[in-house]
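1. Quick one, fold the following:
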Amino acid sequence: MKWIYWTGWMAFGAAFRSLFGLRIEGRENLITEGPVLVASNHQSFLDPPLIGNLYQTEMTFLARKTLFRGFAKWLYRQWNAIPVDQERPDMASLKTIIKRLKEGHRVLVFPEGARTLDGSLGEAAPGIGLIAVKSGAVIQPVRIRGAREALPRGSARIRFARITVSIGEPIRLTPEELKSVRDKDGYDQIAKRIMNAIASL
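-> Down below sits the predicted model:
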């Protein structure tokens with residue numbers, strides 16, 4: 001790992017365990033080799049490092065492009081973040097994600113796009129279906145609970161709450177599925193399948 005990534009990984013990991021009593025469920029389902037599209041619900045700014053701490057090697061994250069300013073721009077780059085426009089996701093960002101997966105990297109995507117306001121799960125955008133089909137990567141569904149209570153959207157104050165991360169069985173699209181999906185409706189069906197897997201955890 002790059003030293004700055006490793007430093008952040010250790011600091012966040014220690015905080016999650018000591019402050020939030022982080023509990024991991026389904027660790028036996030975790031895919032640690034090869035390209036993996038990690039799909040998680042989105043509750044808090046804590047979510048990316050929470051997922052990152054599941055692995056002993058680096059992964060790629062997505063981050064709102066407005067965060068890439070000044071020192072934060074350098075820091076997010078060191079943390080393997082890809083800038084994304086949440087309002088208008090462009091093909092350049094999607095192509096970068098697909099390229100990273102085809103190169104064998106692990107990439108975290110939040111199918112809902114934005115953090116939840118009330119803790120409920122939102123609908124998945126078809127973009128994750130496109131990424132899954134075009135990359136052919138194994139899909140790792142993950143569900144986070146408690147992060148919203150620890151750091152809710154719109155707040156800068158940390159609260160002490162128990163956080164649980166549940167890891168689901170991986171989804172492997174068949175060769176037939178990869179060949180047959182060619183339009184937005186098909187990508188949307190894959191996206192819904194991924195979101196249903198997250199909801200079931």
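2. Quick check, central residue of the chain?
-> Taking CA atoms, centre = their mean, the centroid of the chain lies closest to Leu108, which sits 3.1 Å from it.
3. would you say it is within a helix?
-> No. Under the criterion used here (DSSP: H, G, I helix; E, B strand; the rest coil), Leu108 is strand, not part of a helix.
4. Now do the SS call for the residue nearest to it when sequence neighbours are not counted.
-> When the adjacent residues along the chain are set aside, Leu108 lies closest to Val38, with 4.5 Å between them (CB to CB, 6 or more residues apart in numbering). Glycine gets a C-beta too; all of them are placed from N, C-alpha and C. The local conformation at Val38, judged by three-state DSSP, is strand.
5. pLDDT averaged over the helix or strand that Thr7 is a member of - what is it?
-> Assessed by DSSP states H and E, Thr7 sits inside helix 3-20. Mean pLDDT, helix 3-20: 86.
6. Packing partners of the next helix or strand after that helix?
-> Note on helix 3-20: by DSSP H and E, the next helix or strand toward the C-terminus is strand 23-25. Packing contacts for strand 23-25, counted by 3 or more CB pairs under 8 Å, 6 or more residues apart in numbering; DSSP states H and E, involve strand 164-167.
7. Only alpha carbons, please: show the strand it packs on as PDB.
-> Below are the C-alpha coordinates for strand 164-167, written out as PDB (Å, rounded to 0.1, in the frame of the first residue of the first chain):
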ATOM      1  CA  THR A 164     -22.200  -3.400  11.700                       C
ATOM      2  CA  VAL A 165     -21.100  -4.400   8.200                       C
ATOM      3  CA  SER A 166     -22.800  -7.400   6.600                       C
ATOM      4  CA  ILE A 167     -21.100  -9.200   3.600                       C
END
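8. Does it pack against any helices or strands, and if so which?
-> strand 23-25, strand 138-145.
9. Just checking: what are the partner strands of the first one?
-> Neighbouring strands of strand 23-25 in its sheet, by DSSP bridges, are strand 164-167 (parallel).
10. So which residues of this structure form helices?
-> Ranges of helices in the chain, per DSSP state H, are 3-20, 47-52, 70-78, 91-102, 127-135, 147-150, 175-180, 184-199.
11. Tell me the buried residues in the second one?
-> Read that as helix 47-52. Judged by neighbour count using 16 or more other CB atoms under 10 Å, the buried positions of helix 47-52 are 47-52.
12. could you give me the average pLDDT of it?
-> Confidence over helix 47-52 (mean pLDDT, whole number) is 92.
13. got the CA coordinates for it in CSV?
-> Only the C-alpha atoms of helix 47-52 are listed here, as CSV (Å, rounded to 0.1, in the frame of the first residue of the first chain):
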residue,chain,number,x,y,z
ASP,A,47,-18.8,4.3,4.4
PRO,A,48,-15.7,4.3,2.1
PRO,A,49,-13.2,3.7,4.9
LEU,A,50,-15.5,1.2,6.5
ILE,A,51,-15.5,-0.9,3.4
GLY,A,52,-11.8,-0.3,2.8
